[in-house]
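Colleague: Take a look and give me a structure for this.
(chains A and B, ligands or ions: 3)
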Amino acid sequence: MRCPVAGPYDDDVWGAMKAGPSQEEIRRHNLGTLLRHVHIGGSMSRAVLAERMGLNRSTILGLVSELGSAGLVREELPRDTGRAGRPSLVVRPESDRVYVLAFDVGVDRLAAARIGLGGVFLDRREISVPAGRRDAGKVAEVLAGAALDMVDAAGHGTYCVGVAAAVRGMVRRPDGLVRAAPHLGWEDEEFGEDLMRLLGLGLPVSVGNEASLGALAEHLRGAGAGCQDLLYLHGDIGIGGGVVTGGQLLSGDQGYGGEIGHMVVNPRGGRPCGCGANGCLEAEAGERALLEAARRDPSATGREAVHAVVEAADRGDITARAALHDIGDWLGIGVANLVNVLNPRTVVFGGTLREVFLGSAAQIRSRINRIALRASRENLRLRVGELGDDAVLIGAAELAFSEILVGPLETLARAGA
Amino acid sequence: MTATPTTPILRLSGIDKSFGAVQVLHDVSFDVRPGEVTALVGDNGAGKSTLVKCIGGIHPMDGGEYWFEGAQVQVHSPREAAALGVEIVYQDLALCDNLDIVQNMFLGREKRRGLVLDDTTMEEMATQTLEGLSVRTVKSIRQQVSSLSGGQRQTVAIAKAVLWNSKVVVLDEPTAALGVAQTAQVLELVRRLADNGLAVVLISHNMNDVFAVSDRIAALYLGRMAAQVSTSDVTHSQVVELITSGRSGDLGLARSNGVTA
Ligand SMILES: Nc1ncnc2c1ncn2[C@@H]1O[C@H](COP(=O)(O)OP(=O)(O)O)[C@@H](O)[C@H]1O
Ligand SMILES: [Mg+2]
Ligand SMILES: [Zn+2]
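Modeller: Residues are numbered from 1 along each chain as shown, chains lettered A, B, ... in the order given. Ligands and ions are numbered 1, 2, ... in the order given. Sure, this is the predicted structure:
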């Protein structure tokens, strides 16, 4: 949000003390804020915008027309409301014109999507791949190929304004270096740089951790919408975590914060974890632990394998029930600790943990009720993710949109509009 | 007992109900709050469905008070319950197989324009209701109900209940006959109703369902309300004890001589 603009408005009054924001900075900030409102909230009238932003209507009118002539928003009649009377115009984001590219490097699936302003999926490609080690350069090639295909199909008069990718690993801030993605065998990969070079769009590629981005997505558009303090647990090959506190995604000093899966819940005699420690939440409550406890082939991981256990338990399979019981208990222990430390309003279970939660909610909740502090837990809400498998991709898109929501006109100009 | 208590929108107190010589409900009190899912649990025969039918105006109550939005009311028929904004989705769904989704949603309350049914308005209202509930699983609202899965049928029945600006929606075992995936859909819908501000009562035997979506749990034991507690205050085993013996530690019915219940 730092802006180098200094000008005639930086007069002596401010100059004597700390420089206040210039008129231009304020305007830029307001343009970004307005765009964010319609990007997240969908079409809304100028009156609603004025109320939400605490600005008068003529200021809003000016901002809307500026964004409108840039081609970022458009005013139109709302979709039929079914109500009588003359409806007022609504401000709508130009989803078809302005878009980002979002990538998700999954365990057994590479996904690329073209997502329009407002969060609309315009196009998507998915490539199934066998789980296991994979060369970062190759992954970047596949994704860039799919993306360029979509960019071509988008045609003239459309603008890509950002690119971001999600990986299951530790990502350094702010440069996006992937320090470690064990399931892919990656170490210190400049994955974002690779993608940027291959795409050749002149746009930097932001890289983020998959669960952090899932948290961001559920916070902005899913089960945690409107909730400023959110804990997100994402199950797939491991257990990833994302924390939103006070409306901000927790990143920590270098970006590695939120590794809930490696919170140690059972240090003495606990199961070995991929990270080298024993008794991490991921080791006790992850997919592999569930499948082993249910005496199923632990190499047959993935959504179907987890689903099969939950379904078997529902049909009365005692082993499957006991397994879910156990896993639920560990999840409850993990969440209860985090509830005491972070006091979230909402805990969201995403990825494969969605089904695990529904199949073991009694254990999870009971454990939380026994060990979390009463004041911290009494307004706690447990929810399943609403965005399903797309949470990570949507989160990546939001990361890619962050530039244009800060400086709409500058970012669009850079994109060549 | 949460830090931000809401007042009940629906409050029953001292409800008695007998069928002939058999007393099925004894002095039952029950509170339902907006924005919350209240799970109503109890063994088979505990009186859950009977209580629900009293709320819905199907069974007359022998004694007790029915309060709605702070005022005492009399509810003698489903129509009177509906007029208050109380809708019940009964165990045996009562959807007509040979009618389509719109026809079912408006059954008995068709919109008319003069003497003809106003199809456009009904279609619009049905579509808006389903969209408002983020229901994306039905292909066409002109689909016959017989072609729907169990989960979709529940969804239609629930949509029918919320179509009429209802304030309280009671669901009697909506997930009993459903598999895992469809149960998840229905539970999500239940949660969304409450998050949208409705008061929802959910009857279920599945403790995972109860703990996954409820804010409060009311346990009936042999026709008596053993306890009504916040879901953040109890454990699975306490709820099971309340269901099977009417008490758990300090919770539940007082141990009393004489009353064998
Ligand atoms: N219409 C009725 N006539 C006679 N007895 C009934 C009637 N409805 C319910 N009962 C009896 O009332 C008791 C409670 O039944 P019900 O409310 O259906 O329990 P639940 O829904 O908790 O399983 C049972 O013993 C049942 O046999
Ligand atoms: Mg019943
Ligand atoms: Zn670990």
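
Colleague: Could you measure from B:A254 over to chain A?
Modeller: Per C-beta to the nearest C-beta, to the nearest Å, B:A254 is found 24 Å from chain A. To be clear about C-beta, it is placed using only N, CA and C from the backbone, and glycine gets the same treatment.

Colleague: Tell me the secondary structure of that residue, please.
Modeller: Secondary structure, DSSP: H, G, I helix; E, B strand; the rest coil: B:A254 is coil.

Colleague: Now it: closest residue in space that isn't a chain neighbour?
Modeller: Nearest residue to B:A254 in three dimensions, chain neighbours excluded: B:R247, at 7.9 Å (C-beta to C-beta, 6 or more residues apart in numbering or on different chains).

Colleague: In contact with that neighbour, which residues?
Modeller: B:A226, B:E241, B:L253, B:A254, B:R255 (C-beta atoms under 8 Å, 6 or more residues apart in numbering or on different chains).

Colleague: For ChimeraX, what selects the buried ones among those residues?
Modeller: This is how ChimeraX selects the buried members of the contacts of B:R247, with burial counted by 16 or more other C-beta atoms under 10 Å in any protein chain shown:
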select /B:226,241,253
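
Colleague: hmm, back to that, so what's the residue nearest to B:A254 bridging to?
Modeller: For B:R247, the beta-bridge partners under DSSP bridges are B:G252.

Colleague: For A:M53, which non-adjacent residue is spatially closest?
Modeller: If the residues on either side of it in the chain are set aside, A:M53 comes closest to A:T33, at 6.0 Å by C-beta to C-beta, 6+ apart.

Colleague: mind checking how far the one you found is from ligand 1?
Modeller: Distance of A:T33 to ligand 1, computed by C-beta to the nearest ligand atom, to the nearest Å: 53 Å.

Colleague: same check, this time on A:V98
Modeller: Between A:V98 and ligand 1 the distance, using C-beta to the nearest ligand atom, works out to 55 Å.

Colleague: Quick check: the residue nearest to B:A254 vs A:D188, distance?
Modeller: Computed as C-beta to C-beta, to the nearest Å, the B:R247 to A:D188 distance reads 61 Å.

Colleague: what does B:V37 give?
Modeller: Using C-beta to C-beta, B:V37 is found at 48 Å from A:D188.

Colleague: do the same with B:V168
Modeller: Remark: distance between B:V168 and A:D188 (C-beta to C-beta) = 58 Å.

Colleague: Would you mind telling me which of those two has the busier surroundings?
Modeller: Shown here are B:V168 and A:D188; by other C-beta atoms under 10 Å in any protein chain shown, B:V168 has more neighbours (25 against 10).

Colleague: so who does the more buried one touch?
Modeller: Applying C-beta under 8 Å, 6+ apart, the residues near B:V168 are B:I9, B:L10, B:V32, B:I55, B:L84, B:G85, B:V86, B:E87, B:L198, B:A199, B:V200, B:V201.

Colleague: do the same with A:V163
Modeller: Listed by C-beta under 8 Å, 6+ apart, the contact set of A:V163 reads A:100-103, A:147, A:195-196, A:199, A:201, A:203-206, A:400.

Colleague: at 7 Å what do you get?
Modeller: Residues in contact with A:V163 (C-beta atoms under 7 Å, 6 or more residues apart in numbering or on different chains) are A:V100, A:L101, A:L199, A:L203, A:V205, A:A400.

Colleague: Same check on B:A82?
Modeller: B:W164.

Colleague: same deal with B:L51?
Modeller: B:L25, B:V28, B:F30, B:L220.

Colleague: Go again with 8 Å.
Modeller: B:L12, B:I15, B:K17, B:L25, B:V28, B:F30, B:L40, B:L220.

Colleague: Same check on B:V24?
Modeller: B:V24 sits in contact with B:K17, B:S18, B:G47, B:T50, B:G223, where contact means C-beta under 8 Å, 6+ apart.

Colleague: Now the residue nearest to A:V107 when sequence neighbours are not counted. Its backbone dihedrals?
Modeller: Nearest non-adjacent residue to A:V107, counting by C-beta to C-beta, 6+ apart: A:I237, 4.7 Å away. Main-chain torsions, A:I237, degrees, to the nearest 10: phi -70, psi -30.

Colleague: Neighbours of A:I237, how many?
Modeller: 23.

Colleague: right, and it touches A:S299 too?
Modeller: No. Between A:I237 and A:S299 there is no contact under C-beta atoms under 8 Å: 11.9 Å.

Colleague: And for the residue of chain A at minimum distance from ligand 2, the neighbour number?
Modeller: Ligand 2 sits closest to A:D314 of chain A, with a gap of 20.1 Å, by C-beta to the ion. Neighbours of A:D314 under the rule other C-beta under 10 Å: 20.

Colleague: So what's the residue count around the residue lying closest to it once chain neighbours are set aside?
Modeller: Among residues not flanking A:D314 along the chain, B:V180 sits closest, at 5.0 Å (C-beta to C-beta, 6+ apart). B:V180: 18 surrounding residues under other C-beta under 10 Å.

Colleague: swap in B:A176?
Modeller: B:A176, neighbours per other C-beta under 10 Å, totals 15.

Colleague: ok now do it, which residues does it touch?
Modeller: Contacts of B:A176 (C-beta under 8 Å, 6+ apart): B:Q91, B:S204, B:H205.

Colleague: what about 10 Å?
Modeller: Counting by C-beta atoms under 10 Å, 6 or more residues apart in numbering or on different chains, B:A176 makes contact with B:Q91, B:G150, B:Q154, B:T183, B:I203, B:S204, B:H205, B:N206, B:D209.

Colleague: Would you confirm that the second one contacts B:V186?
Modeller: Just to be clear, that refers to B:G150. Yes. Between B:G150 and B:V186 a contact is recorded at 9.2 Å, counting by C-beta atoms under 10 Å.

Colleague: For those two, list the residues in contact with both.
Modeller: B:P174, B:T175, B:L178.

Colleague: Closest one to ligand 1 out of those, please.
Modeller: B:P174 (13.4 Å; C-beta to the nearest ligand atom).

Colleague: Count the residues that sit near B:S77.
Modeller: So B:S77, with other C-beta under 10 Å, has 12 neighbours.

Colleague: Fine by me, thanks again.
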